[in-house]
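S.K.: Got a sequence here, can you model it:
(2 chains)
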Amino acid sequence: MQYLVSVIDDKSNPGSTDRRPAISAFNERLIAEGYWVFAGGLADTDAATVIDNRGEQAVFSDGPFVESKEYLAGVWVWEAPDLDVALKLAAEASKVCDRKIEVRPFQ
Amino acid sequence: MSDVEEAVTRVHHEEWARVVAALTRRFGDLDIAEEAAAEAFAAAVERWPADGMPPNPGAWLTTTANRKAIDRLRRENKREDKHREAQMVYDDDPPEPVGAIDDDRLRLIFTCCHPALAMQTRVALTLRMVGGLTVPEIASAFLVRETALERRITRAKAKIKAARIPYRVPAAQDLPARVSGVLAVLYLVFNEGYLASGPDTDPVRHDLTAEAIRRLTRPIRALMPGDGEVAGLLALMLLTEARRTARVSAGGELVALEEQDRGAWDAALIAEGHRLVRERLAAAAAGVAPGRYQILAAINAVHTCARDIRDTDWSQVVALYDQLVRVDPSPVIALNRAIAVAELDGPQVALAAVDRLKDKLAGYHAYHAARADLLRRLGQSQQSRAAYDKAIELAGNTAETAYLTHRRDQLR
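M.R.: Residues are numbered from 1 along each chain as shown, chains lettered A, B, ... in the order given. Down below sits the predicted model:
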């Protein structure tokens, strides 16, 4: 079972910025234990562009699809046998990243 | 009710969770298990009065439910092996040797009370799947619409499947936290009955307190006989339930502990509760630190040991509250400790302790009721009246409101 693991940051109360070494070490472990599928940190939401081409021509708009205090700062994709395993890893990830984590299964 | 109807009801109480749990394991799907179990019980209601009771009702129900489930899978044109791919995950390893015995019902309980589900959802799912209450019964117990409750249960079943919440007894190192999550669900159901709120609601919903004990806590105690907190919660419920009839007057007014007719307490429930508390005291003496339910049960045991309010061993009560504060440093516990302190060190000392909780409990009726009572005992009528007013404004339970109003109107 694959899970999308989102790292959620808060603009008004951001997590600490010195987490990189800890996250790298955590990633090494995810890889060694066979959970790691993909990981990526995201640029600021200001760098996002939304495209809507459902009408006659594509409309581009500057910024994320939803403006909110909380935003997606990065993602993982994990392979885990069940939610208990994913939640246990996510609890560690939250400490390691100093941020909230959302775990959501792929269909 | 005829003998057979009575027997069907009894078998429903005894076998429902077992049938649902066994089917969930076999088909890996709560939805199929619930529906097939309900159909099997409906078949029993129809057939047993005419055909007589089968020699082994549980086996009859499981076999019938299995057949109904297979019928449904065929109707939906899914081969069982195809269906197997979407099954819930479970492990066949027997649970860790921590007092839990291997029973599918334990898997069912831990899945229904999984921390990834919202508390209200856990309550609804546990009452339906483990307790065997119907959706209309649960909806009326919690004063919610049936359609809303049905949706909540359906969403929960979908999440369990989609997110792969496992059908499993947690590993030993996770067990204490997960058991305490299960007990929180049971205690909430019990308290919903015990502290029922709402202007037109009975002050004590005996149906809920009784169901919490009979359909949930007793079976879980039987499944986890070695767990101290399970024993503690059952004891706490029994000792509370024992005083149920004495706690509300014929006129629907709350009767405070010191005014209750102790002869009206249920002696059998108290004896059973005391036995459980003694069992846990022996474990504590052997070095097992008691959790909050065991300490709460012990406090209730001290109260129910006294034949008269004047015989209450208040120093013991306060000592137990001191222990409880260390386990659970919540302001509500501190408030209850202060109320006990009043009996030992007098209302002045207690009032100082209560006043220190103002910031945290200003919106809680019991805080104002405690202040009102202490101020009354100190002869400060005017301040007492104001505190009663505030408590009455915040209280939701009809018997409690009546009691507080009565007390306020007695002030001079």
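S.K.: Which residue ranges of chain A form strands?
M.R.: In chain A, the segments counted as strands under DSSP state E are A:2-10, A:36-41, A:49-52, A:59-62, A:70-79, A:100-105.
S.K.: What are the buried residues along the second one?
M.R.: Of the residues in strand A:36-41, A:36-37, A:39 count as buried by neighbour count, 16 or more other C-beta atoms under 10 Å in any protein chain shown. Using the backbone N, CA and C atoms, a C-beta is placed for each residue, glycine as well.
S.K.: do the same with the fifth one
M.R.: Within strand A:70-79, the residues that qualify as buried by neighbour count (16+ other C-beta under 10 Å) are A:71, A:73-74, A:76, A:78.
S.K.: Reformat these as TSV; add distance to A:L89 and pLDDT.
M.R.: Shown next, in TSV, are the buried residues of strand A:70-79 (distance: C-beta to C-beta, whole Å; pLDDT from 0 to 100):
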residue	distance to A:L89	pLDDT
A:Y71	22	95
A:A73	18	95
A:G74	15	96
A:W76	9	98
A:W78	7	98
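S.K.: Next to chain B, which bits of chain A? Give me the list.
M.R.: Residues of chain A found near chain B (C-beta under 8 Å from any C-beta of the partner chain) are A:1, A:81-84, A:87, A:103-105, A:107.
S.K.: Out of those, who's the most crowded?
M.R.: A:L83 (24 neighbours; other C-beta atoms under 10 Å in any protein chain shown).
S.K.: From what I see, that residue and B:A162 are in contact.
M.R.: No: here A:L83 lies out of contact with B:A162, judged by C-beta atoms under 8 Å, at a distance of 9.6 Å.
S.K.: who's in contact with the helix of greatest length in chain A?
M.R.: Criterion DSSP state H: the longest helix present in chain A is helix A:83-97. Helix A:83-97 is touched from outside by A:1, A:3, A:5, A:7, A:15, A:19, A:22-23, A:26, A:30, A:35, A:74, A:76, A:78, A:80, A:100-101, A:103, A:105, B:114-116, B:163-166, B:168, B:170, B:174, with contacts defined as C-beta atoms under 8 Å, 6 or more residues apart in numbering or on different chains.
S.K.: repeat for stretch A:55-68
M.R.: Under C-beta under 8 Å, 6+ apart, the answer for stretch A:55-68 is A:45-46, A:48-53, A:71.
S.K.: quick one: terminal-to-terminal distance for that stretch?
M.R.: 26 Å (C-alpha to C-alpha, to the nearest Å).
S.K.: list the buried ones in it?
M.R.: By 16+ other C-beta under 10 Å, the buried positions in stretch A:55-68 come out as A:P64.
S.K.: now it, how far from the centre of its chain.
M.R.: 21 Å (C-alpha atoms, centre = their mean, to the nearest Å).
S.K.: interface residues of chain B facing chain A?
M.R.: Where proximity means C-beta under 8 Å from any C-beta, the interface of chain B facing chain A comprises B:89, B:114-116, B:162-166, B:168, B:170, B:174.
S.K.: Just the buried subset of these, please.
M.R.: B:89, B:114, B:116, B:163-166, B:168, B:170.
S.K.: And those, which is closest to B:D51?
M.R.: The nearest member of those to B:D51, counting by C-beta to C-beta, is B:R168 at 37.9 Å.
S.K.: Could you count how many residues lie near the closest residue to B:L394 other than its chain neighbours?
M.R.: The shortest distance from B:L394 to any non-neighbouring residue, by C-beta to C-beta, 6 or more residues apart in numbering or on different chains, is to B:H365 (3.7 Å). Other residues lying near B:H365 total 19 when counted by other C-beta under 10 Å.
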